[in-house]
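# Following is a predicted model, sequence given first.
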Amino acid sequence: MLTQEDNLLMQSFYSTMLLVELKKSDFLNSSFFDNMVFDFPAMKGELKKIGVDNQGCALMSLYAMLVIPRQLFESQFTNEYQHIDAFLQRNTAKTVTTYKKDSPKIDFLRHVRNAVAHAHISFRPSEAICFSDENKTTGETFSTELPLGQLGEFFNELMQVHISFVGKQSA
């Protein structure tokens with residue numbers, strides 16, 4: 001039987017995957033989208049401008065894939081999360097940390113998850129997504145950048161954990 005947390009996790013994942021499928025099917029250029037009537041008509045044009053794979057969707061998707069499953073997934077999928085941390089170590093750049101815990105090894109996944117949870121991300125258009133984490137009590141800081149060309153692969157890495165989880169629930 002699914003718990004409320006399991007249900008929330010799965011629905012967040014499915015909603016994120018819906019965005020992926022809308023992008024893949026070029027939904028914003030479909031006749032269905034063209035015939036839609038919006039309560040706020042200007043939104044339709046704005047959606048066409050920014051596309052499905054916009055910065056806001058990236059933040060929401062990262063939240064659904066990183067923050068919501070934190071407690072539930074970490075204990076069940078330790079190896080997978082270590083693999084994702086290694087992916088971030090290999091693919092991020094301009095990393096700076098003053099966290100004492102990060103010596104000798106930086107916990108990239110924890111910092112990136114914290115950055116997403118507190119909406120401390122920014123974008124350099126056509127270049128990178130920038131993550132920053134800060135402990136206001138100690139004054140420690142962390143920052144790193146993931147090239148936008150790697151963002152899709154990062155989502156794929158996160159998606160594999162969710163697919164494993166959904167498969168366990170369906171079995």
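That came in fine, so what should we check first?
# per-residue confidence at G167?
According to the prediction, G167 has pLDDT 72.
# now the helix or strand containing it: how far from the chain's centre is it?
Assigned by DSSP states H and E, G167 belongs to helix 148-170. Distance, stretch centre to chain centre, for helix 148-170: 10 Å (Cα atoms, centre = their mean, to the nearest Å).
# For it, C-alpha coordinates in CSV please.
Extracted in CSV, the C-alpha atoms of helix 148-170 (Å, rounded to 0.1, in the frame of the first residue of the first chain):
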residue,chain,number,x,y,z
LEU,A,148,23.4,23.6,-19.4
GLY,A,149,24.5,20.9,-21.8
GLN,A,150,24.8,18.5,-18.9
LEU,A,151,21.5,19.4,-17.3
GLY,A,152,19.6,16.8,-19.3
GLU,A,153,22.0,14.1,-18.3
PHE,A,154,21.7,15.2,-14.7
PHE,A,155,17.9,14.8,-14.9
ASN,A,156,18.4,11.4,-16.5
GLU,A,157,20.6,10.4,-13.6
LEU,A,158,17.9,11.5,-11.1
MET,A,159,15.2,9.9,-13.2
GLN,A,160,16.8,6.5,-12.9
VAL,A,161,16.4,6.6,-9.1
HIS,A,162,12.8,7.5,-9.5
ILE,A,163,12.1,4.8,-12.0
SER,A,164,13.7,2.3,-9.6
PHE,A,165,11.5,3.5,-6.8
VAL,A,166,8.3,3.4,-9.0
GLY,A,167,9.2,-0.1,-10.1
LYS,A,168,9.6,-1.2,-6.5
GLN,A,169,6.1,0.2,-5.7
SER,A,170,4.5,-1.5,-8.7
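# on contacts alone, who are the packing partners of that helix?
Helices and strands touching helix 148-170, by 3 or more Cβ pairs under 8 Å, 6 or more residues apart in numbering; DSSP states H and E, are helix 4-24, helix 70-76, helix 78-91, strand 128-135. Where you see a C-beta, it was placed from the backbone N, CA and C, and this is true even at glycine.
# what's next to it, contact-wise?
Identification of contacts with helix 148-170 by Cβ atoms under 8 Å, 6 or more residues apart in numbering yields 2, 6, 9-10, 13, 17, 20, 58, 61, 65-66, 69, 72-73, 76-77, 80-81, 83-84, 87-88, 91, 123, 126-129, 146.
# Alright, calling it a day.
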